[in-house]
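J.: Sequence and predicted structure are below.
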Amino acid sequence: MILKSRNEPVELQVLRSLRLRMRLTNKEESYYLQLDKGYEGEKKFDRWIEPLLADKLLLTDLLLECSNSLFQIDSLLLTSNMIYLFEIKNFEGDFLIEDDKWYTNTKKEIKNPLLQLKRNESLFRRSLQEIGCTFPIESYLIFINPNFHLYQAPTNTSIIFPTQLNRFYFKLSQSPSSLKDSHFKLANQVRSLHLSESPFNRLPVYQYDILKKGIPCPNCKNKFYKIDTRTTVLCHTCGHKEKVESAVLRCIKEFKLLFPKEKITTNTIHEWCEVVPSKKSIRNILFKHFTLTRRGKSAYFI
């Protein structure tokens, strides 16, 4: 059973939108690709472990704090006699360890994920102690990408390589689990400790005026729609068609993601979508899906 599911990070959603509407620096683009690849790896892990969850509890994407230290846990699996803590990496290509330092095949040093795993386990164990729990913990560093190889890998039972996933899956499937109310209580206690707002966001500075206006094609992900008919829009690159209404609603959602404090008005959304020539069409969509609010001379939709 999944008690806390994984959602696409807001930071990743914002960066994905911004890279369509403005030019990111090389550093910002690299950070976006890193986040995107990491999220894809986590989703792949979720699909991999899902068949095991009939008699186990899963919590994903936890942001916790212990002794004024923040830490993130990719996945926690709770069985009747063990908590499994997973750090998931979607590394691809060749990597190397020398003197406990981790490098890419181009000799660029990266953070040692084993140290990250040990830190997370230590802080999580202390968090459990603070709520009066001494449940045993096993921590694992999961390399989910089949195209990953680590040279001079240590003999460390905490590391699960792609070729070991099947055997590790069998080990987890054989782990006895008979959940009781106390296990659900513990899992809910851990979930209640999750911090919903992350201070780690590293977003570029952006303003409404500098962003490209229009409705992105969800199929191409890097092209914008042109008007097709009164009720449809069309991507001239891939040929994808979409109803104007659903395209505008998706664009409004993106606008609120980028500018959560801005008011939704007919003029603003008409300008933001750009491709829809008729303000009346925009207004009709807003009246259908939102509520008009008037304050003094101003009117906006919520």
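T.: Sure, I can see it.

J.: From here on, just use CA atoms for contacts and neighbour counts.
T.: Fine.

J.: Which phi and psi values does G214 adopt?
T.: Per-residue torsions, G214: phi 140, psi 180 (degrees, to the nearest 10).

J.: What residue, apart from its backbone neighbours, is nearest it spatially?
T.: C273 (4.4 Å; C-alpha to C-alpha, 6 or more residues apart in numbering).

J.: now swap in V248 and tell me
T.: In space, V248 is closest to C273, 6.8 Å off (C-alpha to C-alpha, 6+ apart).

J.: where does that neighbour land on pLDDT?
T.: At C273, the model reports a pLDDT of 93.

J.: now swap in G296 and tell me
T.: Reading off the model, G296 has pLDDT 66.

J.: shouldn't the residue nearest to G214 be in contact with C217?
T.: No: between C273 and C217 there is no contact under C-alpha atoms under 8 Å: 11.9 Å.

J.: so where's this protein uncertain?
T.: The chain contains residues with pLDDT under 70 at 200, 296.

J.: Outline the domain layout of it.
T.: 2-192, 213-301 (automatic domain parsing).

J.: ok, which stretches of the stretch 51-200 of the chain are helices?
T.: Using DSSP state H, counting those that start in this stretch, the helices of the stretch 51-200 of the chain run over 113-130, 165-174, 181-192.

J.: Those: which one's closest to L15?
T.: helix 113-130 (24.5 Å; C-alpha to C-alpha).

J.: From the rest of the structure, what touches stretch 209-220?
T.: The contact list for stretch 209-220, computed with C-alpha atoms under 8 Å, 6 or more residues apart in numbering, reads 18, 20-22, 222-225, 235, 237-238, 240, 247-248, 251, 271-275.

J.: Alpha carbons of it, as CSV, please.
T.: What follows is stretch 209-220, C-alpha atoms only, in CSV (Å, rounded to 0.1, in the frame of the first residue of the first chain):
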residue,chain,number,x,y,z
ASP,A,209,7.4,40.3,-19.8
ILE,A,210,10.5,38.3,-20.9
LEU,A,211,8.7,34.9,-21.2
LYS,A,212,7.5,33.7,-24.6
LYS,A,213,3.7,33.6,-24.8
GLY,A,214,1.7,30.8,-26.4
ILE,A,215,0.5,27.2,-25.7
PRO,A,216,3.2,24.6,-25.8
CYS,A,217,2.4,21.3,-27.6
PRO,A,218,2.4,18.5,-24.9
ASN,A,219,3.5,16.0,-27.5
CYS,A,220,6.6,17.9,-28.8
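
J.: Return the distance of it from the chain's centre.
T.: Relative to its parent chain, stretch 209-220 has a centroid offset of 21 Å by C-alpha atoms, centre = their mean, to the nearest Å.

J.: Ok, stretch 130-145 next?
T.: 21 Å.

J.: List the contacts of it.
T.: By C-alpha under 8 Å, 6+ apart, stretch 130-145 touches 41, 44-45, 81-92, 113-114, 117-118, 121, 125, 128, 158-162.

J.: Straight-line length of that stretch, end to end?
T.: In stretch 130-145, first residue to last residue: 36 Å (C-alpha to C-alpha, to the nearest Å).

J.: what's the helix or strand harbouring I282 packed up against?
T.: Here I282 sits within helix 279-289, counting by DSSP states H and E. Contacting helix 279-289 under the criterion 3 or more C-alpha pairs under 8 Å, 6 or more residues apart in numbering; DSSP states H and E are the following elements: helix 244-258, helix 266-273.

J.: can you pull out the strands in the stretch 51-200 of the chain?
T.: According to DSSP state E, counting those that start in this stretch, the stretch 51-200 of the chain carries its strands in the segments 57-66, 69-78, 83-89, 93-98, 101-104, 109-110, 137-143, 148-151, 159-160.

J.: That's all I had, so thanks and see you.
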